Each structure stands twice: as C-alpha cells, then as structure tokens.
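S.K.: A predicted structure for the sequence below; I have some questions about it.
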Amino acid sequence: MEEPIRRRDSFESVSITPPGSVLSDTESRVYDVAKKVLGDSPPPLSPPPLIRVSGVDRVDLDEIALTSSGGHGYKAANLLQLERLAMRMGVLVPPFTPLSHEKVMDHIKKTFPEFPALYQRFVETLCREGALSEGSKAILHHIREGVERAFAPPNILRDEELREWIGSRSAEFLIVRSTGKEDSDLASNAGGNLSVPNVKKDLREVSLEIGRVAASYFSEKSIGQRIAA
C-alpha cells in the first residue's frame, strides 16, 4: 500500500501456489494442492463478480482469487473490493496491478523447467516424513534458488501489460507483494511470504523482486506455518 508520507505506489504480485492452506497434515490435501500447482492455469482476468451479502453488493473474493479472475489471490481480490467501496465514498485506493497465477507459472515453467519435478519430490518427501526434514529443506532451498533465477536477467518477466503499468506510474518506487489466503479458519500464514518495498520503477528491478517474492512461498517459514495451521 502507499505510504502516507513518502507517497509510494502499490504493486501487487501474485501467488505461484494456490491461495489458501497450501500444505496440510494429510496426504490427500497435500497431493490435491500439488495437482493444482502443477496443473492447468486459470483463465484471464475478468470484471469482479458481485454477490449479495446483508443487502450489499460485494465482490466474490473466492471467484476473483481462485477462478475466473485468473487466480490473482486474496490480497488482489480484497483490493478490488476496497476499490469498489472506496469509489462510492470518493476515496482513491493506491494504484495496483495483479499478476495472475497463470503468468507467473508459465514463466517459471519456461525458465526453470526443473520446477515441477523438484516440487513433486518435495511433496512426496513431506508426505513420507510427515514434517519438514533436512531432506525436504534441501529441496526447498533448490526450489527457491531456481525461482529467483527464473526472474533474473536474462530471464526477466517480459510482460507488456506490466511494462506499460510500470511506465504509467508517477511514483519513483513501487512495492512488490505476495498475495494469498494467508489467514483464514483453515490456515494461518500472516507474514509468511515476502513483500519488498522501495523497488525502482524499472521492469528489470521489478522482475528481480517478483522472483524473490515468489521464492518466499517455498521458504521454511511459510511452509512451516501452513503445515502447522
């Protein structure tokens, strides 16, 4: 979000893994998530659908975060909801742009082709051992390194919509954020994933930080908190 004094624009990067309780203590849930991570991508962004709650039109957060919006995660969905509500009061929400699960995963699979096999190996190790072990931590380390490299030169994310959005910003710096269902009845992962402030308004710099944020989904802290939820 924009800082009240320094006036920084907001940049919303998007989840690699499906938002929600990504890893659970049961084998079936873990494999279900792994299938979603490595499976088909969701469709592109569409206008936010509305649902009626207590007589008020609200954005369907699950629909935006998980399905028809392209899998943009819950932070992006909440920002769309906030934007809609704020407009009625004449309040401006700081500019943001979400990157979909589809775009992020397509880029990772292209520039880090070992990812699916490494992730599957991690899931199988976790299911077999029931907790994070030295073996599973080593696999996570390789995944994080690979994801960061996947967004570093010469493999920067060359997305024209993102490039145009960055070029249209008046602020000097941006913030690259994770987005997911970080805190719910089934999961607690607040602060588990990285947000990077003070990023220069440059596609190369933004791409580097997208890699760092995406890699944080595979940190021991993030996954450990999701397992414990």
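M.R.: Yep, that arrived. Keep in mind that what you see is a predicted model, and the values were worked out from it rather than measured.
S.K.: Give me the neighbour count for the residue nearest to residue 224 when sequence neighbours are not counted.
M.R.: Leaving aside its sequence neighbours, residue 224 sits nearest to residue 132 (C-beta to C-beta, 6 or more residues apart in numbering; 5.9 Å). In this view, the C-beta of every residue, glycine as well, is placed from N, C-alpha and C. Neighbour count for residue 132, taken as other C-beta atoms under 10 Å: 17.
S.K.: Please determine how far residue 132 is located from residue 158.
M.R.: According to C-beta to C-beta, to the nearest Å, residue 132 and residue 158 sit 35 Å apart.
S.K.: Determine the three-state secondary structure at residue 223.
M.R.: helix (DSSP: H, G, I helix; E, B strand; the rest coil).
S.K.: so it makes contact with residue 132?
M.R.: Yes: using C-beta atoms under 8 Å, residue 223 is in contact with residue 132, at 6.8 Å.
S.K.: Helices of the protein, residue ranges please.
M.R.: 27-38, 61-66, 73-88, 101-111, 115-129, 134-150, 160-168, 203-216, 220-228 (DSSP state H).
S.K.: rank these by pLDDT, which is bottom?
M.R.: Among those, helix 27-38 carries the lowest mean pLDDT, at a mean of 47.
S.K.: On the pLDDT front, check residue 14 for me.
M.R.: pLDDT, read off for residue 14, is 34.
S.K.: could you measure the spatially closest residue to residue 211 that is not a sequence neighbour against residue 165, distance?
M.R.: Using C-beta to C-beta, 6+ apart and skipping the chain neighbours, the partner closest in space to residue 211 is residue 151 (3.0 Å). Using C-beta to C-beta, we find residue 151 at a distance of 17 Å from residue 165.
S.K.: Next: residue 81.
M.R.: Distance, residue 81 to residue 165, by C-beta to C-beta: 20 Å.
S.K.: Run a quick neighbour tally on residue 161.
M.R.: The number of residues packed near residue 161 is 11, by other C-beta under 10 Å.
S.K.: give the contact list for it.
M.R.: residue 97 (C-beta atoms under 8 Å, 6 or more residues apart in numbering).
S.K.: cool, and residue 90?
M.R.: By C-beta under 8 Å, 6+ apart, residue 90 has no neighbours at all.
S.K.: Next, format the helices of the chain as JSON lines and append distance to residue 177.
M.R.: Below are these laid out as JSON lines (distance: least, C-beta to C-beta, whole Å):
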{"stretch": "helix 27-38", "distance to residue 177": "20"}
{"stretch": "helix 61-66", "distance to residue 177": "14"}
{"stretch": "helix 73-88", "distance to residue 177": "7"}
{"stretch": "helix 101-111", "distance to residue 177": "13"}
{"stretch": "helix 115-129", "distance to residue 177": "22"}
{"stretch": "helix 134-150", "distance to residue 177": "16"}
{"stretch": "helix 160-168", "distance to residue 177": "14"}
{"stretch": "helix 203-216", "distance to residue 177": "7"}
{"stretch": "helix 220-228", "distance to residue 177": "14"}
